[in-house]
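Please work out how this folds:
(chains A and B, ligands or ions: 2)
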Amino acid sequence: MSLMEAFRSALEALRAHKLRSALTMLGIVIGVAAVIAMIAVGGGAREQVAAQIRTLGANLIMLTPGNITAGGVRLGAGQASSLTSDDAGAILADVPAVQAAAPIIRSNQQVVAGANNWATQIVGVDLGWFEAREWDVAQGRLFTPEEVSRGALVVILGETVATNLFGEQSPLGQQVRIKNVPFEVVGVAARKGQSALGQDQDDTAFAPLPTVRQRVAGANRANARSVGSIMVKVREGEDMANALEDVRALLRQRHRLQPDQDDDFGIRNLAEMAAVREASASTLASLLAAVAALSLAVGGIGIMNIMLVSVTERTREIGLRLAVGARPRDVLRQFLIEAATLSAIGGAIGVALGLGAAQIVALKAGWPLLVEPAGVALSVIFSAFVGVFFGWYPARRAANLDPVEALRAT
Amino acid sequence: MALIETQDLTRRYELGGEIVMALDGVSITVETGEFVAVMGPSGSGKSTFMNIIGCLDRPSSGRYALAGEEVSSLSKDALAGVRNRRIGFVFQQFNLLDRVDALGNVELPMVYAGADRAGRREKAIAKLKRVGLGERIHHRPTQLSGGQQQRVAIARALVNDPVLLLADEPTGALDSRTSLAIMKLFQELHREGTTVMVVTHEPDIADFADRVVRFLDGKVVSDTRQTARDAAQALADAEAASAAQDAKDAAARAALHKKEAAE
Ligand SMILES: Nc1ncnc2c1ncn2[C@@H]1O[C@H](COP(=O)(O)OP(=O)(O)OP(=O)(O)O)[C@@H](O)[C@H]1O
Ligand SMILES: [Mg+2]
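Ligands and ions are numbered 1, 2, ... in the order given. Got it, this is the predicted structure:
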């Protein structure tokens, strides 16, 4: 009997018990749909984290102010900054592995342009910031070194801020007011998208660091040169862990910390943080996929069950087939193909459903829909394999029937 | 060379430690072109014998040569091939597949013979015509009468042009007139050269064979040759008798109506 023939005959047999075949298939449909959806959702989540890491820029170390002790009184983290612009300068000058060190002050403010206004985060930066974040302007220009050092009233708007204030109009050369101080818009930053924490990175505006320190953030600080944080970019090819230790040692020395004292600053490898996030996303994804695979196995057991019932019911048919010349292997193949057909059709429907579900999840979560064709192919093949695997025992049983006894069955 | 030649054929069954000799030393020779009726009381081993002759079962001991080839020692696959190409089997319960039509049922042995679709179809239609079902090729078994179903089963048995046609109580589930029609078909096939062996309980049916073998307790107790009764004639007689009976009934009914009308 040719394969085509066997397949046709399998479809006939399955059609003879439509409801039963459909219900058996349902087990596989659910299993495969779950696997596909979980692979796609997991892949999407992972891809999202990876994309965030890419927009962040590689090889970044983030320095944040920590606890400082002022006259025996411990001030809370961030209450007063232990980091200064001079720290940033020293890091760049003394740690050879460092490519850029950008001191930053952040301040949430209302930006006003004519009748429009928009609340956003004003970030005071120097030119090192744009180098560290590998960030450029889409329109206009960056600050000049002179503008940064004298604290000029110039601003570069993030894309979100630009569109909210000026719509389709070009903001270049326009005036905006921050804390009633007029700033000239000299540039619009390139689009960055979401950050690793899900924030819109384009909802921001940059101004020179001294400008923000003096005119925007308020001078309520322990040290007139203190900054909110420092972002350090390590040169390509340098060892991150070593660079991080060098920066830490330099800062401890500059802050005159004794060996038994804790750091008065926080220091973090951003890529590592992101990697941890990615790893946990991956773990979750594989866990979900494993649970889904389990449900596929349950579907397979359903197939085995129904095939056993079918072999018992059709004992006479098997006897007749043997009597007219079927070899045991023909009978084996017939039942295997029936089982594989059940699970392959179920698998195909499952793939469609799973992709649909993944699409919905991706839309709701704002993730990229990431379906690897290999993953889809694998689960269809796997589901057919499930049919063959679980169909094997019943088929074996059918093939080993004795013709005379099978014909005598009622 | 004899078509069937057996020597001291036995078939033992063990049931709860007790040994049943379903066949107990059967030596028989059947020539090509014979029409043999196998008779005997229930449990005498007729079906067991037919199953071994039909290569559905293997003897516990003894020898069986089909057309000169020793088959009792063949592998399962080889036996399947013999059943497929050289033997046609007809059962009391027809054993048709309900989910396919007459054509599909008749094609089945050819499917296992590896014939191509077009050739299969053509041949199956020819065989269905041969058994008088040319008009019913797309009927399912459930849409056919018992006699028609048995004809489909016979067409299926004939489809690979076997040398040997075996039938185990083929008329056991049919009324007497349908039985005659089936026997007429067997006689025709026999005249066309097929060797036919039929198991039956009914002496009337055995009359249509030219040799009768009787079994008792797994042994052959008699083996006689006879002049076969003509099934076509028997069927014509039966039809004439029933037509006469129908005419009588009609006359009686008419008379009754007349009487009722008169009153
Ligand atoms: N599978 C089996 N297991 C045990 N005993 C069996 C088996 N098959 C047949 N027998 C026994 O073998 C003997 C012959 O059985 P067989 O079916 O050949 O009789 P038969 O002549 O065909 O009877 P019937 O006219 O009722 O069909 C019987 O005694 C029966 O009980
Ligand atoms: Mg019997």
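
Residue A:308 is in contact with residue A:394, isn't it?
Yes. Residue A:308 is in contact with residue A:394 according to C-beta atoms under 8 Å; the separation is 4.7 Å. Backbone N, C-alpha and C define where each C-beta goes, glycine included.

Looking at these two, which has the bigger crowd around it?
Ranked by neighbour count (other C-beta atoms under 10 Å in any protein chain shown), residue A:308 and residue A:394 place residue A:394 first, with 24 against 17.

need the contact list for residue 25.
You didn't say which chain, so I picked chain A. A:342-343, A:345-346, A:349 (C-beta atoms under 8 Å, 6 or more residues apart in numbering or on different chains).

Oops, wrong one, chain B.
B:8-10, B:62, B:218-219.

Out of the residues you listed, name the ones that lie in strands.
Using DSSP state E, B:8-10, B:62, B:219 are the members of these that sit in strands.

Need the buried ones from these selected in PyMOL.
Command for PyMOL, covering only those of those found buried under the criterion 16 or more other C-beta atoms under 10 Å in any protein chain shown:
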select buried, chain B and resi 9+10+62+219
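
now, the most widely separated pair of the ones in strands among the contacts of residue B:25?
The span of these, defined through C-beta to C-beta, is set by B:62 and B:219 at 12.5 Å.

Strand partners (parallel or antiparallel) of whichever helix or strand residue B:212 is part of?
In the assignment (DSSP states H and E), residue B:212 maps to strand B:211-216. Each strand paired with strand B:211-216, and its direction, by DSSP bridges: strand B:35-39 (parallel), strand B:219-225 (antiparallel).

quick one: contacts of that strand?
B:28, B:34-41, B:44-46, B:49, B:206, B:220-226.

Go through it and flag the buried ones.
B:211-215.

if we take the residues you listed, which one ends up nearest to ligand 1?
Closest approach between those and ligand 1, by C-beta to the nearest ligand atom: residue B:215, at 6.3 Å.

Grab the nearest non-local neighbour of that closest one.
What sits nearest to residue B:215 in space, not counting adjacent residues and going by C-beta to C-beta, 6 or more residues apart in numbering or on different chains, is residue B:40, at 3.4 Å.

list the contacts for the one you found?
Shown in contact with residue B:40 (C-beta under 8 Å, 6+ apart): B:46, B:214-216, B:221.

Next: residue B:180.
Applying C-beta under 8 Å, 6+ apart to residue B:180 gives the contacts B:231, B:234-235, B:238.

Could you work out which of the strands paired with strand B:211-216 reaches nearest to residue B:101?
strand B:35-39 (30.8 Å).

buried ones in that closest one?
The neighbour-count check on strand B:35-39 (16+ other C-beta under 10 Å) flags B:35-39 as buried.

ok, now stretch B:124-139?
Buried residues in stretch B:124-139, counting neighbours by 16+ other C-beta under 10 Å, are found at B:124-125, B:127-128, B:130-131, B:133, B:136-137, B:139.

ok, that stretch near chain A or not?
No. Between stretch B:124-139 and chain A, judged by C-beta under 8 Å from any C-beta of the partner chain, nothing touches; the nearest distance is 12.7 Å.

can you give me the mean pLDDT across that stretch?
Across stretch B:124-139, pLDDT averages out at 93.

What of stretch B:164-179?
Averaging pLDDT along stretch B:164-179 yields 92.

ok, it near chain A or not?
No. Judged by C-beta under 8 Å from any C-beta, stretch B:164-179 stays clear of chain A, getting no closer than 9.6 Å.

Low-confidence stretches in the stretch 51-200 of chain A?
For the stretch 51-200 of chain A, applying pLDDT under 70 flags the ranges A:52-58, A:67-81, A:195-198.

What segments of it are strands?
A:60-65, A:68-70, A:73-75, A:98-113, A:116-125, A:137-140, A:154-157, A:175-178, A:181-189 (DSSP state E, counting those that start in this stretch).

Buried deepest among the ones you listed, which one?
strand A:154-157 (a mean of 27; mean count of other C-beta atoms under 10 Å in any protein chain shown).

Residues that sit against both of residue B:62 and residue B:219, list them.
Joint contacts of residue B:62 and residue B:219 (C-beta under 8 Å, 6+ apart) are B:25-26.

Next, give phi and psi for the residue nearest to the spatial centre of chain B.
By C-alpha atoms, centre = their mean, chain B has its centre lying nearest to residue B:167, at 2.5 Å. Phi and psi for residue B:167, reported as degrees, to the nearest 10, are phi -140, psi 120.
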